[in-house]
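[1] Coordinates for the following, if possible.
(one chain, ligands or ions: 1)
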Amino acid sequence: MMAESLNGEGTMAMPGQGQKTSYTLPAMRYVNIVLTVVFIDGIASVVLWLAGGDSDYFIDSVASFQFKKSVFDLVLLAFLKVSVHAPSIAYLEAIAIQQIDYPYNPRQKTIASLINAVNILISLGGLAFSVTKGSLVLYSVLHDSGYVHMHATYNALLVCAVVLSLIETGLILYSFQAMRRLKHLFNDDGVEVDKEGNPVKKAVSIKRLVSLAKPEFPMLLGGTLSLFFSSGTQIVAPLYFGKVVDAAQHSMDELNRTILILLVIYVGGSLFSMARSWLFTLAGQRVVARLRKHLFMSIMIGSLVLMFSLNASLTGVLLSVVPIVSLSAVQYGKFMKKLRQQFQDRLGDAGTQAEESLSSIRTVRTFSAEHKVANLYGADVDKSYQVGKKLAAAGGIFEGGVGMMVAGSIVLVLWYGGKLVHENYQNPGSGVTPGIFTSFLLYTLQVAMAFALMSALYGDFMQAVGASVRIFDLMDRKPKVPNEKGEILAQLDGRIEFKSVDFTYPSRPESKVITNLCLTVEPGEMVALVGPSGGGKSTIVNLIERFYDPDDGYITLGGQDLRDLDPMWFRQKISMVSQEPTLFACSIKDNIAYGRQATLEEVISVAMEANAHEFISSFEEGYETKVGERGVRLSGGQKQRIAIARALIMDPTILLLDEATSALDAESEHLVQEAIDRAMKGRTVVVIAHRLSTVRNASKVVVIDKGVIGEQGTHEELIRKGGVYKRLVLRQLEAGSVVDDLINLEPQSNECPQKTAPLTG
Ligand SMILES: Nc1ncnc2c1ncn2[C@@H]1O[C@H](COP(=O)(O)OP(=O)(O)OP(=O)(O)O)[C@@H](O)[C@H]1O
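    Now for the predicted structure:
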């Protein structure tokens, strides 16, 4: 298998993982790039050497080799590189691929490291050699008048050797990284997966977070420029502050001049600050605001440079705390990122719990489970609070710690600076002047503030990164079944065909739900699916809507593989009416016109067809009546009729029905059934049938049991056959007369003779 993967590019199945997970070698393999460069180097070297003048010339360059006049050594070098790099890089690729399956093979790791080391050594050595030779030749050409110039092709070979050595060294140094890339696995949809085939979560980086602010780039640029100018004024202001102190000790003129400069600096700085603040606020991104504060760095560096120029030893005293604060800031940042992620997860759990309980409040009430769900929610909130407590404590400790260290360093600078001023006072010229010390103190405050803020911001930023892990997670999710793209047919005839379909729900990979299913529904036919509960009837309907793709076999719609059709398009041609239809918390009109824009007349027309107009008109607000969350303000039968109208307004070619087993009252059931019967006319219908009248009228009854077709045929055929279907009917019908009717196969009216138990379940 490995050999196969090396010979051929493309996708390979993972051992023992079925066909789903595979590794993909990039079309432009890194190995091929390196080999191409190395071979070009080898071939070019030999050709240029051979082309170098008459044959004596190149023989002389070997026989009487001179370092600055012959290039035979470069040819040998190229030969060495071809013979070492070419096999070793291919071998490294083979090892990298093997490590996908066997990542913990220490021997392989050692071999790979050794090969890498040899490659790096040779390429770096080759680069050093060719650069040295090139420099010496160039030096001789420029400075040695007695130097006999080499043949032009030899010069070309020299240039070629330097340039290609440089490229090769870069490629070899990067090969370590490139081989690591190979160890990433991709599934058939190009999504990176781990060894179990689960999508790998992409790391959220600061870069990715900041990239969200891309559209605000022009504003950001203006803001950043203003920031630089305002930072510049902040950097130089303390310097002039100190100068003012010193100038005051000299002359009034100097004092006035320095004060004027200081004034210009402050006014300019304020104007730029204004622009910066306006532009960044306009950009309106928290990320951007953070970025602005991040650029405190520029003030810090600028200030530090000036501080060094004022007094190096004082600056050293101040900087002594930097490594400690930096290291703790990095650790703190990592810790905060992890905590914040946990915090968001716990909050998410609590939110889900609340949403679920509130949306099922009636069930909660029925079981008097208010306290239970309140406790569950409380427990989730408590968990997030526990993490929140850690967050608060860590933030407090860090800020306090940094504050202490910064204050300590300021005190230290004050003491040491004071000592230097004192020394200068006693022995002028030996320490620092009060002016310099003033400037220095201002810088110290500025740098200390910026540093403390930056450390805290780093923590905040890492928190933001942690918090956004969930968001990016959702953004990165790719549906297995794409929502758009695919063919759109001029016409859809409604023919559905399942060809040897196997299916397993991704969330329960160990149990196959559909096995080798072959089923054809001709245009205009009504096919009834019956069978025991959990047999797979709803799954078949889900597959027709392409909510999932089969693991094996295929499903066609109008003769076309469902996977080739545009889901957005074909789903408009299919309507589903389920047992318990989901309505949305808006008006009846909006619910009926959910699938497309429709006029009130169209809505009324389909509502009439669905036997819904009458009850809708009896409401005070008619079609504007709000149905409440999930339609709670309507009865079961009313909801179903609205769902039928919602399906009808799409004028679907195919109707998927899950008949209601719920005990609607006789009148409601009659109205719903009448509406359904009307809706079925002229359409291809697949119905999960629970009523006798439906199975009797069906063109074909298909018994689905444990994911396979037990039997199929018309109701009469199946009863005559006396198999699973008949047993199902016999077992489930309660009334003796009905059983007689059914198995005696007397002609029946379409009406159900009396209320019966469902045929399924
Ligand atoms: N989303 C899902 N994830 C995992 N397993 C599922 C999922 N939906 C259904 N199943 C399982 O698939 C099997 C077939 O379920 P399906 O709903 O298709 O049966 P059914 O014949 O329609 O049953 P019923 O008549 O009770 O509605 C069952 O074992 C069920 O537990």
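
[2] the helices in the stretch 151-300 of the chain, which residues?
    Under the criterion DSSP state H, counting those that start in this stretch, the stretch 151-300 of the chain carries helices at the ranges 152-182, 206-211, 217-248, 252-283, 286-294, 296-310.

[3] right, and the ones you listed - which one's nearest the ligand?
    Of all the helices of the stretch 151-300 of the chain, helix 206-211 sits nearest to the ligand, with 32.3 Å by C-beta to the nearest ligand atom. Placement of C-beta: from N, CA and C, glycine included.

[4] follow-up on the earlier one: same list, the helices of the stretch 151-300 of the chain, but as TSV with distance to the ligand, mean neighbour count and mean pLDDT please.
    Listed next are those as TSV, based on distance: least, C-beta to the nearest ligand atom, whole Å; neighbours: other C-beta atoms under 10 Å; pLDDT from 0 to 100:
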stretch	distance to the ligand	mean neighbour count	mean pLDDT
helix 152-182	34	18	85
helix 206-211	32	14	63
helix 217-248	44	19	79
helix 252-283	44	15	81
helix 286-294	38	18	50
helix 296-310	51	18	64
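
[5] Those helices: which one's closest to residue 689?
    helix 206-211 (51.7 Å; C-beta to C-beta).

[6] mind putting the helices of the stretch 151-300 of the chain in CSV, distance to residue 482 included?
    Shown next, in CSV, are the helices of the stretch 151-300 of the chain (distance: least, C-beta to C-beta, whole Å):
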stretch, distance to residue 482
helix 152-182, 26
helix 206-211, 24
helix 217-248, 31
helix 252-283, 34
helix 286-294, 31
helix 296-310, 44
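
[7] And for residue 550, the neighbour number?
    20 (other C-beta atoms under 10 Å).

[8] Ramachandran coordinates for it?
    For residue 550, the backbone dihedrals are phi -60, psi 150 (criterion: degrees, to the nearest 10).

[9] mind listing the strands in the stretch 301-450 of the chain by residue range?
    For the stretch 301-450 of the chain, applying DSSP state E, counting those that start in this stretch gives no strands.

[10] Those residues of it touching the ligand, which are they?
    Residues of the stretch 301-450 of the chain that fall close to the ligand, judged by C-beta under 6 Å from any ligand atom: none.

[11] In the stretch 301-450 of the chain, what residue lies closest to the ligand?
    For the stretch 301-450 of the chain, C-beta to the nearest ligand atom, closest residue to the ligand: residue 356, 16.7 Å.

[12] surely residue 86 meets residue 35?
    Yes. Proximity of residue 86 to residue 35 meets the contact threshold set by C-beta atoms under 8 Å, at 5.7 Å.

[13] Tell me who's in contact with residue 597.
    Counting by C-beta atoms under 8 Å, 6 or more residues apart in numbering, residue 597 makes contact with nothing.

[14] so what secondary structure elements neighbour the helix or strand harbouring residue 695?
    For residue 695, the host element (DSSP states H and E) is helix 692-697. The helices and strands touching helix 692-697, judged by 3 or more C-beta pairs under 8 Å, 6 or more residues apart in numbering; DSSP states H and E, are strand 526-530.

[15] Quick one: neighbours of residue 626, just the number.
    Residue 626: 15 surrounding residues under other C-beta under 10 Å.

[16] Give me the phi and psi for it.
    Torsion angles, degrees, to the nearest 10, at residue 626: phi -80, psi 140.

[17] Now do it against residue 362, distance only.
    18 Å (C-beta to C-beta, to the nearest Å).
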